[in-house]
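**Q** okay, structure incoming, though there's no sequence with it:
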């Protein structure tokens with residue numbers, strides 16, 4: 001019976017709580033961003049720039065980045081397994097990016113109304129995006145991407161849709177600014193109900209010093225309200241990064257607040273990052289790790 005109630009909760013949660021569908025489209029995809037409270041739009045480009053701000057890749061002094069990440073999300077509540085792959089390539093003033101993300105929820109089992117065992121099933125969400133960024137002038141770039149979304153809520157409830165992202169990045173010496181609009185134009189239907197995708201506007205600033213980095217971001221999630229993130233990174237030595245952050249959400253809209261911390265190791269172009277979330281009944285003990293390479 002508990003599993004059957006879980007199915008009903010998953011199906012009815014957007015209607016009962018006003019929460020956004022497909023949280024994969026607005027939750028942190030990589031460990032570095034997660035450890036900074038979810039802030040990412042004003043960071044320098046790493047392998048997950050297509051999700052955070054692809055325009056930053058067009059301003060990078062690197063030519064290529066690629067990475068994979070795994071996360072165990074909300075272990076106290078749903079214990080989702082999250083996977084992501086990010087990559088981009090820059091040639092002169094143009095950058096081309098790729099993002100692939102997936103969520104596999106725990107297997108659901110139970111009994112039908114007639115007492116027959118239900119076939120075990122794991123709800124899944126999947127997203128893939130391709131995009132391009134262009135450096136219009138020194139320190140200023142824009143980007144756009146198209147995103148395909150596939151959601152499997154139940155064995156007989158499989159839906160697909162498309163949406164798009166646009167972004168701007170500005171960099172001047174130690175300061176960076178980013179602005180993006182994400183998940184534009186898409187809708188998805190579950191049963192007789194039609195939902196708009198979680199359209200998100202993000203604006204952020206960052207300041208980088210040889211020893212530390214500070215970032216702040218404000219996000220507006222349509223129909224759910226304002227969120228905000230702050231994060232700090234300290235490098236006691238060049239190959240080691242210690243990170244911490246805080247994310248403010250709207251709990252009544254299914255968007256919890258949380259604290260975060262993490263660590264990063266950089267050596268010969270390889271980066272290993274880990275993040276841990278705490279201070280939230282829903283997201284506490286969430287953990288993510290990522291490995292990337294860039295040159």
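**A** Alright, I've got the coordinates. Source: prediction; values computed, not measured. Numbering: from 1, shown residues only.

**Q** pLDDT weak spots in the stretch 151-295 of the chain?
**A** Residue ranges of the stretch 151-295 of the chain with pLDDT under 70: none are present.

**Q** mind running it again at 90?
**A** 152-159, 173, 185-198, 222-225, 250-255, 281-282 (pLDDT under 90).

**Q** that one: strands as residue ranges?
**A** 157-172, 175-184, 187-190, 193-196, 200-208, 212-221, 225-237, 240-248, 258-267, 270-278, 287-294 (DSSP state E, counting those that start in this stretch).

**Q** got TSV for these, with distance to residue 64 and mean neighbour count too?
**A** (Each C-beta comes from the backbone N, C-alpha and C, glycine too.) Formatted as TSV, these follow (distance: least, CB to CB, whole Å; neighbours: other CB atoms under 10 Å):
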stretch	distance to residue 64	mean neighbour count
strand 157-172	18	18
strand 175-184	20	20
strand 187-190	33	15
strand 193-196	35	14
strand 200-208	21	20
strand 212-221	22	20
strand 225-237	23	17
strand 240-248	21	20
strand 258-267	16	19
strand 270-278	13	20
strand 287-294	6	20
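
**Q** in JSON lines: these, plus distance to residue 65.
**A** Listed next are the strands of the stretch 151-295 of the chain as JSON lines, based on distance: least, CB to CB, whole Å:
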{"stretch": "strand 157-172", "distance to residue 65": "15"}
{"stretch": "strand 175-184", "distance to residue 65": "17"}
{"stretch": "strand 187-190", "distance to residue 65": "30"}
{"stretch": "strand 193-196", "distance to residue 65": "32"}
{"stretch": "strand 200-208", "distance to residue 65": "17"}
{"stretch": "strand 212-221", "distance to residue 65": "18"}
{"stretch": "strand 225-237", "distance to residue 65": "18"}
{"stretch": "strand 240-248", "distance to residue 65": "16"}
{"stretch": "strand 258-267", "distance to residue 65": "12"}
{"stretch": "strand 270-278", "distance to residue 65": "9"}
{"stretch": "strand 287-294", "distance to residue 65": "4"}
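
**Q** out of the ones you listed, flag the one nearest residue 21.
**A** Nearest to residue 21, of all these, is strand 193-196, at 4.8 Å by CB to CB.

**Q** thought residue 59 was touching residue 90, still the case?
**A** No. The pair residue 90 / residue 59 is not scored as a contact, 9.0 Å apart, by CB atoms under 8 Å.

**Q** any idea what residue 89 is bridged to?
**A** residue 64, residue 96 (DSSP bridges).

**Q** what's the burial count for the residue nearest to residue 75 when sequence neighbours are not counted?
**A** Nearest residue to residue 75 in three dimensions, chain neighbours excluded: residue 285, at 5.1 Å (CB to CB, 6 or more residues apart in numbering). Residue 285: 14 surrounding residues under other CB atoms under 10 Å.

**Q** what's near enough to touch residue 285?
**A** Residues in contact with residue 285 (CB atoms under 8 Å, 6 or more residues apart in numbering) are 75-76, 276-278.

**Q** how much space between it and residue 73?
**A** Residue 285 sits at a distance of 10 Å from residue 73 (criterion: CB to CB, to the nearest Å).

**Q** sorry, back to before: which two among the contacts of residue 285 are spaced furthest apart?
**A** It's 76 and 276 that sit farthest apart of these, by CB to CB, at 13.5 Å.

**Q** where in the stretch 1-150 of the chain is pLDDT low?
**A** 1-24, 26-29, 74-79, 105-123.

**Q** can you do 80?
**A** 1-21, 78, 108-119 (pLDDT under 80).

**Q** need the helices for it, in chain order.
**A** For the stretch 1-150 of the chain, the helices defined by DSSP state H, counting those that start in this stretch cover 2-17, 31-35, 49-52, 55-58.

**Q** which strands or helices does the last one pack on?
**A** For helix 55-58, the contact count by 3 or more CB pairs under 8 Å, 6 or more residues apart in numbering; DSSP states H and E identifies helix 49-52, strand 80-91, strand 94-104, strand 124-137, strand 140-154, strand 157-172, strand 175-184 as packing neighbours.

**Q** would you mind putting these into a markdown table with distance to residue 193 alongside?
**A** What follows is the helices and strands packed on helix 55-58, written out as a markdown table (distance: least, CB to CB, whole Å):
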| stretch | distance to residue 193 |
| --- | --- |
| helix 49-52 | 27 |
| strand 80-91 | 22 |
| strand 94-104 | 20 |
| strand 124-137 | 17 |
| strand 140-154 | 11 |
| strand 157-172 | 11 |
| strand 175-184 | 18 |
